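Asker: predicted model and sequence follow; I will ask about them next.
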Amino acid sequence: MVLMVLRKAGTAAAAAGFVAVAFTGLLGVGTFAASGSSQASGNNAALSSGTVPAQYQPLIQKWGVLCPEISPPMLAAQLYQESGFDPSARSPAKAYGMAQFLESTWATYGVDADGDGKRDIWDPADAIASAASYDCALAKDVASVPGDRQANLLAAYNAGPYAVIQAGGVPAYQETQGYVRNIKSLALSFTAPTSSVALSAQSAGAIYFAQNVLGTPYLWGGEGLASQGYRFDCSGLTEQAFASVGITLPRVANDQWYAGPHPSRDQLRPGDLVFFANDLTDPRSIHHVGIYVGGGYMIDAPHTGAVIRYDTIDQKDYIGATRVTSDGAEALPVRGKDGSITSSAGAAGQPAPGGPTAPGQPAAKN
């Protein structure tokens, strides 16, 4: 637990008073009561604004409807899990490109989507089309298996189609069940909401944590550790605020962006994370995050030389907001120190432990 002398940010006193009133009022009318939400369904679901780099959005929307078992948000979730939309990604398993294909699997499932006469594992257009084609081939292989067709496809992607056929559905491998659950959860972050987004029960606790560190000096790389003088940077503050209510967020802001669905500006509620980017068409350029508290204000750790304080969210680099969920946070991939994704489904063509593919069956991801 972080213990410190709490200091108030004098420069934000007026804003603090206003926000406190707004926040209290929202609590009084049941802001944090559970409410239903509906998302676009089927494989025609639209991508949520700002979740996919603009140059890849048309490709994912196009190829995400290649067969009924996939959708653009599901395809986006897979690509993000594999590479973070990095077309130059490579793994120790010798998997390459945005979709992390093994060369042997690429030889069978690679697609020349841009018509340049070459099936290029490093080309985003080819990789996205090939990922969808591979998904649909797996869906066909397990089409006779009863149950949720998309879940069966994802299980085949992780453990191999033979394991799914043998089990009569998602096999009882912990890794495979986790992969299916995570991709389905992560896909919600890429799905454009068709109505209100369900409210978060943990939001009040996250705000309480942030209010208790108002006035603390900013520290680049700060996570509130004793060795850091209990100081934070922007994503360190949000990480620890949600850790205080039992939710583990990634360390960096542009990964925290995917920890839940994205309410529109008029749907913002206290506890939502609010994000700011250098390029509003590319979530990879997100550089700042704060915790919304109501009335157009957030608590954030802004920059070196400043303190944790209340700031307006009405800034030109505002890209959007995320309503953090436990499932959404748990579904996020883990990054190494070099920024590369270190935990995902693995490489296309490498079956999961305990889920070997049968002779003649397409290989699957691990």
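Answerer: In hand now; what should we look at?
Asker: now the residue nearest to the spatial centre of the chain: closest residue in space, sequence neighbours ignored.
Answerer: Central residue of the chain (CA atoms, centre = their mean): Y258, 2.5 Å from the mean position. Distances taken as CB to CB, 6 or more residues apart in numbering put S189 closest to Y258, at 4.6 Å, once the chain neighbours are dropped. For every residue, glycine as well, the C-beta is placed using N, CA and C.
Asker: sorry, back to before: helix or strand for the residue nearest to the centre of the chain, which one?
Answerer: Under the criterion DSSP states H and E, no helix or strand holds Y258.
Asker: kindly export the helix or strand containing the residue nearest to Y258 (C-alpha atoms) in PDB.
Answerer: Secondary-structure assignment from DSSP H and E places S189 in helix 174-190. The C-alpha coordinates for helix 174-190 follow below in PDB (Å, rounded to 0.1, in the frame of the first residue of the first chain):
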ATOM      1  CA  GLN A 174      -6.300 -24.100 -19.900                       C
ATOM      2  CA  GLU A 175      -4.300 -22.200 -22.500                       C
ATOM      3  CA  THR A 176      -6.900 -22.800 -25.200                       C
ATOM      4  CA  GLN A 177      -9.900 -21.900 -23.000                       C
ATOM      5  CA  GLY A 178      -8.000 -18.700 -22.000                       C
ATOM      6  CA  TYR A 179      -7.300 -17.800 -25.600                       C
ATOM      7  CA  VAL A 180     -10.900 -18.200 -26.700                       C
ATOM      8  CA  ARG A 181     -12.100 -16.100 -23.700                       C
ATOM      9  CA  ASN A 182      -9.500 -13.400 -24.200                       C
ATOM     10  CA  ILE A 183     -10.100 -12.900 -27.900                       C
ATOM     11  CA  LYS A 184     -13.800 -12.700 -27.400                       C
ATOM     12  CA  SER A 185     -13.300 -10.100 -24.600                       C
ATOM     13  CA  LEU A 186     -10.700  -8.100 -26.500                       C
ATOM     14  CA  ALA A 187     -13.000  -8.100 -29.600                       C
ATOM     15  CA  LEU A 188     -15.500  -6.000 -27.500                       C
ATOM     16  CA  SER A 189     -12.800  -3.200 -27.300                       C
ATOM     17  CA  PHE A 190     -12.700  -3.100 -31.100                       C
END
